[in-house]
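Asks: Take this sequence and fold it.
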Amino acid sequence: MLFDVTNYLLVDIDNEFSRAFAEYSFNHAQSQSPSGLIAAGSHTRQLVKMMFDELIKDYCYCDFENEISVSELATYLHDHHKIKGVLFNRVDYLLGDDKQRFIYNSLHKSRFLVSQDENGFSFSPVTDPGHSNHLSCHTDIAQASLNLIETGEQFNKNK
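Replies: Purely as a prediction, here's the structure:
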């Protein structure tokens, strides 16, 4: 069963899996509109190729082992996209250690594991508890950059 992946974030750890999933999602979409899937990972070259092939709407570099990089991703997503949830390759998620899963479970309250089988792709909700913090793209905590810009502008006006 495939659902609309528009405004979902695909965590790209395995770029072959990500490309296969994006192609499948694009080819089985209900409408013929461009892809609405957003991807993030460290394989920037592969993400750019997927964007040029119109398999994803947008991409962002992110080192998911680095909290600063993930925090920057959360701010970018909060500022530019209304993410509905996060999609993980099931194998990559399950192979993550406790620190990695904490980061994954902080990205969004709505998280799904994606598995590939002979019929395509299937989804199952992540059962681990989610966290709301500076790594989350669905909360106002991620809006820090806008607040800093506004504060800087206000400071400059008061000079």
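
Asks: starting at the chain centroid, how far to stretch 81-99?
Replies: 8 Å (CA atoms, centre = their mean, to the nearest Å).

Asks: If you average the pLDDT over it, what comes out?
Replies: For stretch 81-99, mean pLDDT is 94.

Asks: C-alpha coordinates for that stretch, CSV please?
Replies: Below are the C-alpha coordinates for stretch 81-99, written out as CSV (Å, rounded to 0.1, in the frame of the first residue of the first chain):
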residue,chain,number,x,y,z
HIS,A,81,8.3,23.1,4.1
LYS,A,82,5.3,21.9,6.1
ILE,A,83,6.6,18.4,6.7
LYS,A,84,3.8,15.8,7.5
GLY,A,85,6.2,13.1,8.7
VAL,A,86,9.5,11.3,8.2
LEU,A,87,10.2,8.1,6.2
PHE,A,88,13.1,5.8,7.1
ASN,A,89,14.4,2.8,5.3
ARG,A,90,13.4,0.1,7.9
VAL,A,91,16.9,-1.6,7.8
ASP,A,92,18.8,1.7,8.3
TYR,A,93,16.5,2.7,11.2
LEU,A,94,16.8,-0.7,12.9
LEU,A,95,20.6,-0.7,12.5
GLY,A,96,20.9,2.7,14.3
ASP,A,97,22.3,2.8,17.8
ASP,A,98,20.5,4.5,20.7
LYS,A,99,22.0,7.9,19.9
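
Asks: Could you give me the buried positions within that stretch?
Replies: Neighbour-count burial for stretch 81-99 flags 81, 83, 84, 85, 86, 87, 88, 89, 90, 92, 93, 96 (criterion: 16 or more other CB atoms under 10 Å). (Glycine included, C-beta is placed from N, CA and C.)

Asks: Please apply the same query to stretch 59-73.
Replies: For stretch 59-73, a neighbour-count test (16+ other CB under 10 Å) marks 59, 60, 62, 64, 67, 69, 70, 71, 72, 73 as buried.

Asks: what stretches of the chain score poorly on pLDDT?
Replies: Along the chain, the parts satisfying pLDDT under 70 run over 1-2, 30-32, 139-159.
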